[in-house]
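# attaching a predicted model along with its sequence, questions to come.
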Amino acid sequence: MSVLVVVECDKGEVKKSSLEVATYGAQLAAQLGTSATAIAVGEATDASLAKLGEQGITKVLYDKEPRLKDFVNNAYTKLIATAAQQEDAKVIVLANSNIGAAVGSRLSIRLQAALATNVVELPKTDGGQFTVKRGAFSGKAFSDVVLNGDRKIIAVKKNSIEAQHEAGKTAEVVAFSAQLGDADFADAPKQVVMQDQAGGILLPEAERVVSGGRGMKGPENWGLIEDLAKALGAATACSKPVSDVDWRPHHEHVGQTGITVSPNLYIACGISGAIQHLAGVNSSKVIVVINKDPEAPFFKAADYGIVGDVFDVLPKLTAAVKELD
């Protein structure tokens, strides 16, 4: 049962979530007694793809069709499906990302494969069944799902697997062509606008995020958020009420109806912690909450909490971070 791993790339580098997926795919391949091959999507370099050997990938397929630099649903679906058929992959592993969500269901139909999203650990394959554990109800519960059928697709939740790095190991990068034509790019957007955050990092891929809520009292105070974000090399974000009143642009809105983030560090400043907001950040490895209300719901989900006025705490925190440089 061969394993194909979908690796997302941006600006020549493999995304953090895809390093986790590559590790998952390699561990699954070892569990099944086979090897893991990757198919790269997006803008990559041969050098960055070869480093996937550190995660246990043995071979990387890369189609250098220039129009694949940006996400196009039909083209990406055909690319991955063609690779799966060529490699006779019985399991396809991808990130539970915007791209993964878009192509996963299409691949399921195209390849007649069983699909499980939001998967949090390696499957159990004993007893002749293929059972995966997935998060449900915005991370508040888990369910075990048996995947039937000849082919299976697994979308791995971000931060559920630690990316491994075995220095010195490299993967073979192989030229690949899915024979894509103009019809495959018919649904391509006419203009692609990338909303970069601090340090040129897209918010969904940021490893550190500093987020503000109504406790910031107005857009004129956002410099405190931006100063801490700059010191940490973090992206900035906000709660829904903040974007609703146009204090911040809507592409910074994090939550159930906005962007879902999975950083290593999420700092919430003046955010009460409504369930809709928590649904968008509960995959964060470490959550720090700063709020003057000790009864704020967000403290229940926090790894660390500071009860205090954000206007007093943020300048001191920023100064402390700068002293560490």
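Yep, that arrived.
# okay, now the unreliable bits of the chain?
Under the criterion pLDDT under 70, the flagged ranges of the chain are 1, 190-201.
# measure stretch 137-145 end to end?
Start and end residues of stretch 137-145 are separated by 15 Å (C-alpha to C-alpha, to the nearest Å).
# just the residues contacting that stretch, thanks.
116, 120, 131-136, 256, 275, 278-279, 282-283 (C-beta atoms under 8 Å, 6 or more residues apart in numbering). Any C-beta I mention is one placed from the backbone N, CA and C, and that applies to glycine too.
# again, only using 7 Å
With C-beta atoms under 7 Å, 6 or more residues apart in numbering as the contact definition, stretch 137-145 has outside contacts at 116, 120, 131, 132, 133, 134, 135, 136, 256, 279, 282, 283.
# including secondary structure and neighbour count, could those residues go into TSV?
Formatted as TSV, the contacts of stretch 137-145 follow (DSSP: H, G, I helix; E, B strand; the rest coil; neighbours: other C-beta atoms under 10 Å):
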residue	secondary structure	neighbour count
116	strand	23
120	coil	17
131	strand	14
132	strand	24
133	strand	17
134	strand	21
135	strand	19
136	strand	11
256	coil	15
279	coil	19
282	coil	19
283	coil	20
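# how near is residue 135 to residue 279?
Counting by C-beta to C-beta, to the nearest Å, the gap from residue 135 to residue 279 is 11 Å.
# would JSON lines of the contacts of stretch 137-145 with distance to residue 53 be doable?
Below are those laid out as JSON lines (distance: C-beta to C-beta, whole Å):
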{"residue": "116", "distance to residue 53": "27"}
{"residue": "120", "distance to residue 53": "25"}
{"residue": "131", "distance to residue 53": "29"}
{"residue": "132", "distance to residue 53": "26"}
{"residue": "133", "distance to residue 53": "28"}
{"residue": "134", "distance to residue 53": "29"}
{"residue": "135", "distance to residue 53": "30"}
{"residue": "136", "distance to residue 53": "34"}
{"residue": "256", "distance to residue 53": "38"}
{"residue": "279", "distance to residue 53": "36"}
{"residue": "282", "distance to residue 53": "32"}
{"residue": "283", "distance to residue 53": "27"}
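# residue 139: neighbour count?
A total of 16 residues lie near residue 139 under the criterion other C-beta atoms under 10 Å.
# from residue 158, how far out is it?
Remark: distance between residue 139 and residue 158 (C-beta to C-beta) = 11 Å.
# which neighbours do these two share?
When contacts are counted by C-beta under 7 Å, 6+ apart, the set common to residue 139 and residue 158 consists of residue 283.
# need the contact partners of the helix or strand where residue 47 lies.
With elements taken from DSSP states H and E, the one containing residue 47 is helix 46-50. Outside of helix 46-50, the residues that reach it under the criterion C-beta under 7 Å, 6+ apart are 9, 12, 13, 14, 40, 60, 62, 170, 171, 173.
# again, 8 Å this time
For helix 46-50, the external contacting residues (C-beta under 8 Å, 6+ apart) are 7, 9, 12-14, 38, 40, 60, 62, 170-173.
# select only the buried ones of these in PyMOL?
Selecting only the buried members of those in PyMOL, with burial defined as 16 or more other C-beta atoms under 10 Å, works like this:
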select buried, resi 7+9+13+14+38+40+60+62+171+173
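# would you turn the contacts of helix 46-50 into TSV with secondary structure?
Putting these into TSV (DSSP: H, G, I helix; E, B strand; the rest coil) gives the following:
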residue	secondary structure
7	strand
9	strand
12	strand
13	strand
14	strand
38	strand
40	strand
60	strand
62	strand
170	coil
171	coil
172	strand
173	strand
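# which one of the contacts of helix 46-50 sits closest to residue 179?
Ranking the contacts of helix 46-50 by separation from residue 179, with C-beta to C-beta as the measure, puts residue 62 on top at 14.8 Å.
# hey, what's that closest one bridged with?
Applying DSSP bridges to residue 62 yields these beta-bridge partners: residue 40, residue 175.
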